[in-house]
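K.L.:
got a predicted model here, sequence first, then my questions.
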Amino acid sequence: MKRHHLYTLAAVVALGLSLPSLAAGNAGGNSGGNSGGNGGAGGNAGSSNHGNANAGGQQNAGEKGKPSQAGKPATTGKTVAQQLENRTKLSAKLGQLLPAGTDMQAAAEGFKNLGQFVATVHVSKNLGIAFSDLKAKMMEGASLGAAIKALRPEVKATTEEKKALRQAHRDITGPR
């Protein structure tokens, strides 16, 4: 029953995230909904807008500076790299998951939101895929699930993506 509520909440947040983008005329080609044939709203996090923004928790329909209906902070307007500067515990944890000597600011550059970046770091660590390879696929426009599928076709991409999104959500909502 709790999982059903989680999927419903994810669908509501995803819808709330897509409405401002569509209203601004910036659908970005991700309005196709769920990929991979899974039905239902939020049933598959294969679309880059659905799963990644949910994990980030930073984009929502609330007014700037006021909490949204989901109780998450409103959009900060900061880049992922800027958000990481203020979140030292999260940055330290991600630094342990990335190869030694990785420049966190450079690694975070280009990601749409914090959740997408953190989930990508987890997939890299979980599956032993070079972070740079995953990032390159995603910067070409692939969703996290599609990047996993392209680089590790032998694994269940949706399962691994969902696992990484859960890990990212725990990291982001945990202590700052």
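P.N.:
That came through fine.

K.L.:
how about low-confidence regions in this structure?
P.N.:
Within the chain, the stretches with pLDDT under 70 are 1-76, 175-176.

K.L.:
let me see the contact set for residue 91.
P.N.:
Residues near residue 91 by C-beta atoms under 8 Å, 6 or more residues apart in numbering: 84-85, 104. The C-beta positions use only the backbone N, C-alpha and C, and glycine is treated the same way.

K.L.:
in helices only, show me the residues you listed.
P.N.:
84-85, 104 (DSSP state H).

K.L.:
list buried members of the contacts of residue 91 by neighbour count.
P.N.:
84, 104 (16 or more other C-beta atoms under 10 Å).

K.L.:
quick one: the contacts of residue 91 as a markdown table, columns for distance to residue 160 too.
P.N.:
What follows is the contacts of residue 91, written out as a markdown table (distance: C-beta to C-beta, whole Å):
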| residue | distance to residue 160 |
| --- | --- |
| 84 | 23 |
| 85 | 29 |
| 104 | 23 |
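
K.L.:
list the buried residues in the helix or strand harbouring residue 124.
P.N.:
Assigned by DSSP states H and E, residue 124 belongs to helix 114-127. Residues of helix 114-127 classed as buried by neighbour count (16+ other C-beta under 10 Å): 114-125, 127.
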